[in-house]
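Undergrad: here is my input; please provide its structure:
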Amino acid sequence: MKSEKKAGEQEVSLAHSGLDKEIEFLVANLEGIDKYRLPQRAYHIARTAIRELILSPGQTILERELAEILQMSRTPVREALVRLETEGMVRLIPRRGFIVEPIEKEDLNEIYEIAEKMDGLAVEKATRKINNMEFEQLDLLIVEQEKALEEKDLKKWAVLDDEFHSMLIKFAGSKRMSAVVDIHSDQLYRARLFSINHRPIPNMSIVEHKAIISCMKAKDGAAARMVMQSHRNRARMEIIAAIEKLNQTGKKPVS
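TA: Have a look, this model is predicted:
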């Protein structure tokens, strides 16, 4: 029985849509990609392409076509796509290939619930360990975020926002926590990037980032945790509202 095509799924080939050139450009600018074995190389390229919305939600990925673009055999490409399927980034459709998973409200709610708890715990732990040099790194990130908004560069803001949260996880000094967060970090980044032009300008995020750092500098880990969780929850509401509207209208995000 032939599988039915769901709304939003795109069967246009990567070459015909020009995505082959975008992927080739991505590969050329990925530092250190040549040091990986072929399956790991294919995985990192495909994962980054999905994360950066080069391969957008609903896009069909054919093993043969991606292998040709990456100039490798189909075996490492299939290994990479199967690994991405276990991470919830793609889905195998019999006789049609892999489909980049859509960004769904239910999935985002679950992921954000995890992120709220993990980020809250991380910032509380980091408050007990952070030093002046690390505070300077966070302060500099906020300055760069403010500059990105002044320049109306929302993509740069999203990258810096991701870096801010990743840095706090790092400063918490917990490898296990970092591993849990890493599983979902791409989905969160993808959702932020997907919706960034369809929700309010993120000035409030910068205000909240400053409040989080102020609590940390005051050595009030409990307050930092509370502000972080409130920050994540507010962002979740905005992003989900924007994505629901996009899904209802069938519009694609404007990059």
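
Undergrad: and the one residue sitting closest to the centre of the chain, what element?
TA: For the chain, the residue nearest the mean C-alpha position is Tyr189 (2.3 Å; Cα atoms, centre = their mean). Applying DSSP states H and E as the criterion places Tyr189 in helix 175-195.

Undergrad: list the buried residues in the helix or strand that that helix is followed by.
TA: Remark: after helix 175-195, the chain's next helix or strand is helix 203-217, criterion DSSP H and E. Under the neighbour-count criterion of 16 or more other Cβ atoms under 10 Å, helix 203-217 has 205-206, 208-209, 211-213, 215-216 buried. The way it works is simple: take the backbone N, C-alpha and C, and place the C-beta from them, glycine included.

Undergrad: kindly report the same for stretch 124-132.
TA: Across stretch 124-132, burial judged by 16+ other Cβ under 10 Å covers 124-127, 130.

Undergrad: now that stretch, how far from the centre of its chain.
TA: Averaged C-alpha coordinates place stretch 124-132 at 25 Å from its chain's average position (Cα atoms, centre = their mean, to the nearest Å).

Undergrad: list the contacts of it.
TA: Around stretch 124-132, the neighbours that count as contacts under Cβ atoms under 8 Å, 6 or more residues apart in numbering are 168, 171-174, 177, 215-216, 219-222, 224-225.

Undergrad: and stretch 144-155, by the same measure?
TA: Contacts of stretch 144-155 (Cβ under 8 Å, 6+ apart): 156-157, 160-161, 164, 193, 196-197, 201-203, 205-206, 209, 255.

Undergrad: among the residues you listed, which two are most distant?
TA: Using Cβ to Cβ, the contacts of stretch 144-155 span at most 24.1 Å, a distance reached by His209 and Ser255.

Undergrad: and the contacts of stretch 144-155, which of them are buried?
TA: Neighbour-count burial (16+ other Cβ under 10 Å) applied to these gives 157, 160-161, 164, 193, 196, 202, 205-206, 209.

Undergrad: mind listing the helices for this structure?
TA: In the chain, the segments counted as helices under DSSP state H are 19-28, 38-51, 63-70, 74-86, 105-129, 132-150, 154-172, 175-195, 203-217, 221-249.
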